[in-house]
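Asks: pasting the structure only:
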């Protein structure tokens, strides 16, 4: 069945890079997404990648896609306290999105 | 409007009462979604509207939950005879319904059932 899996927590030091990983199951997904949810707020689209791409870079964010292994990652360079949030991975499936449970990014000073 | 708007932002109700949650999607978006997010949990899909098609209600947890979308725009999620386990944040999203299915979210309604 369809399932998107993520680790629940990631702890990094301020200034280091954060890498959040995600595995998905639907090989027919066209786009894969990363959303960010800050405390008490709704979900904000961070970035997305087309399934025929391997990498997408947007300022401090780098998305890597390994379609063979159905593995998606989000790298945040120079992690700041403002990056503290829950990060959700999602794949599209027939005009709906299948969501991971979210990874809580914890920043240590 | 500029973004997805949800109201109320917070709702406290007594067990057994009915509640209505409102979502006003981005103008022109044909697809509208309702999700539920319980404390510390991911998103639970509830219902999906796309244009004039019959909604996908497969995520509604019980027949106490219903939703409608009037005129293809504003949607109301109704929970009848609320239970304590209904306490959660209810999130609404809309999308243009095109191949690139970017969903734009409202800030949610935090429902507390006492």
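Replies: Yep, it's here. Treat the numbers as computed from the prediction; the structure is a model and nothing was measured.
Asks: mind checking which helix or strand residue 35 is in?
Replies: I'll assume chain A. Element membership of residue A:35 [criterion: DSSP states H and E] is strand A:31-37.
Asks: wait, chain B
Replies: Element membership for residue B:35, per DSSP H and E: strand B:31-37.
Asks: ok, and what's touching that strand?
Replies: With contact meaning CB atoms under 8 Å, 6 or more residues apart in numbering or on different chains, strand B:31-37 is reached by A:95-96, B:23, B:25, B:43-51, B:61, B:67, B:69, B:75, B:77, B:88-97, B:101, B:103, B:108. Backbone N, C-alpha and C define where each C-beta goes, glycine included.
Asks: Look up the closest residue to the closest residue to chain A within chain B, ignoring the ones flanking it.
Replies: Across chain B, no residue is closer to chain A than residue B:42, which sits at 3.6 Å (CB to the nearest CB). Among residues not flanking residue B:42 along the chain, residue A:101 sits closest, at 3.6 Å (CB to CB, 6 or more residues apart in numbering or on different chains).
Asks: In contact with that neighbour, which residues?
Replies: Contacts of residue A:101 (CB under 8 Å, 6+ apart): A:5, A:6, A:8, B:41, B:42.
Asks: you'd agree residue B:73 is up against residue B:24?
Replies: Yes. Look at residue B:73 against residue B:24 with CB atoms under 8 Å: they come within range, at 7.3 Å.
Asks: so which pair among the contacts of residue A:101 is furthest apart in space?
Replies: The most widely separated members of the contacts of residue A:101, counting by CB to CB, are A:5 and B:41 (14.5 Å).
Asks: The worst-scoring helix or strand of chain A on mean pLDDT near chain B anywhere?
Replies: Lowest on mean pLDDT, DSSP states H and E among the helices and strands of chain A sits strand A:96-99, with a mean of 84. Yes. Contact of strand A:96-99 with chain B (CB under 8 Å from any CB of the partner chain) involves A:96, A:97, A:99.
Asks: that older thread, mind checking if the strand holding residue A:35 is in reach of chain B?
Replies: Yes. Interface with chain B: strand A:31-37 contributes A:31, A:33, A:35 (CB under 8 Å from any CB).
Asks: circling back: state the next helix or strand along the chain beyond the least confident helix or strand of chain A.
Replies: Scanning onward from strand A:96-99 (DSSP H and E), the first element met is strand A:103-108.
Asks: what helices or strands is the least confident helix or strand of chain A leaning on?
Replies: strand A:85-93, strand B:43-50 (3 or more CB pairs under 8 Å, 6 or more residues apart in numbering or on different chains; DSSP states H and E).
Asks: That one pairs with which strands, parallel or anti?
Replies: The sheet places strand A:96-99 alongside strand A:85-93 (antiparallel), with pairing taken from DSSP bridges.
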